[in-house]
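Engineer: Provide a 3D model corresponding to the input given below.
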Amino acid sequence: MFIGYARVSTLDQNPQFQIEELRKAGCEKIFTEKKSGAKENRPKLKEALEYARAGDTLVVWKLSRLARSLTQVMATVKQLEERGINLRALTQKIDTTTPEGRLFFHINAAFDQFQREIIVENTRAGLKVAREHGRIGGRPKIMSDERMKLIRAMIKDTAAYPFISDVIRSAGIGRRTFYKYFPPEQIHTLRDDKIL
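Structural biologist: As a prediction, the model looks like this:
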């Protein structure tokens with residue numbers, strides 16, 4: 001029996017194309033999952049593996065649908081081999097029922113892993129160059145040095161801003177963000193009174 005497993009990484013991706021390809025390949029039962037391949041916990045894959053019996057073939061549209069790392073793929077294939085279950089990856093023409101298919105599987109899995117490592121390496125190199133040129137990835141800081149100085153002055157000015165809630169409102173930031181940058185101990189040192 002051919003058992004299909006389709007996976008998309010995010011909730012807004014549609015697995016329909018994979019499902020249709022698996023049906024064309026003769027899959028009688030198809031398990032569908034919307035989860036990142038990097039996640040260890042993939043309940044639908046587990047279900048598909050539990051459903052399969054010796055002599056059955058697990059069919060995936062592409063090897064990367066099975067897992068995102070070579071370690072994960074190899075562990076899954078080892079588990080399949082131990083139980084006498086075959087594997088087919090449609091786009092890569094992998095079929096572990098033949099010696100050639102098994103060889104091609106190992107070469108292809110290693111190549112996929114190599115590609116992922118190259119992407120990670122290039123990303124790291126790009127980030128390093130960006131940092132050397134003063135560009136830092138991620139979200140911009142909410143609090144610039146100028147803004148911090150202004151808020152410190154507001155905290156000290158108890159006449160214009162008698163309550164800390166007045167400072168927060170005038171600064172136009174959230175209470176949580178404010179206390180992240182100005183913890184109560186710091187506020188006490190900036191103003192004489194203890195009104196928070």
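Engineer: For the residue lying farthest from the centre of the chain, what are phi and psi?
Structural biologist: Largest separation from the mean C-alpha position in the chain: Ala159, at 49.5 Å (CA atoms, centre = their mean). Per-residue torsions, Ala159: phi -70, psi -50 (degrees, to the nearest 10).
Engineer: Okay, it and Asp166: tell me how far apart.
Structural biologist: 11 Å (CB to CB, to the nearest Å). Just so you know, the C-beta spots here come from the backbone N, C-alpha and C atoms, and that holds for glycine as well.
Engineer: same deal with Glu20?
Structural biologist: Counting by CB to CB, the gap from Glu20 to Asp166 is 62 Å.
Engineer: Also Asp95?
Structural biologist: From Asp95 over to Asp166 (counting by CB to CB), the distance is 71 Å.
Engineer: for Ile173, same thing?
Structural biologist: 13 Å.
Engineer: swap in Ala52?
Structural biologist: For Ala52, the distance to Asp166 equals 66 Å [CB to CB].
Engineer: Neighbour count for these two, which is higher?
Structural biologist: Counted by other CB atoms under 10 Å, Ala52 and Asp166 do not tie: Ala52 has more neighbours, with 22 against 15.
Engineer: who touches the closest residue to that one other than its chain neighbours in this structure?
Structural biologist: Spatially, and ignoring its direct neighbours in sequence, Ala52 is nearest to Ile85 (4.8 Å; CB to CB, 6 or more residues apart in numbering). Each residue near Ile85 by CB atoms under 8 Å, 6 or more residues apart in numbering is listed here: 49, 52-58.
Engineer: repeat that for 6 Å
Structural biologist: Under the criterion of CB atoms under 6 Å, 6 or more residues apart in numbering, the neighbours of Ile85 are 52, 56, 58.
Engineer: mean confidence score for the longest helix that the chain contains?
Structural biologist: Counting residues, the longest helix in the chain under DSSP state H turns out to be helix 99-132. The average pLDDT within helix 99-132 is 78.
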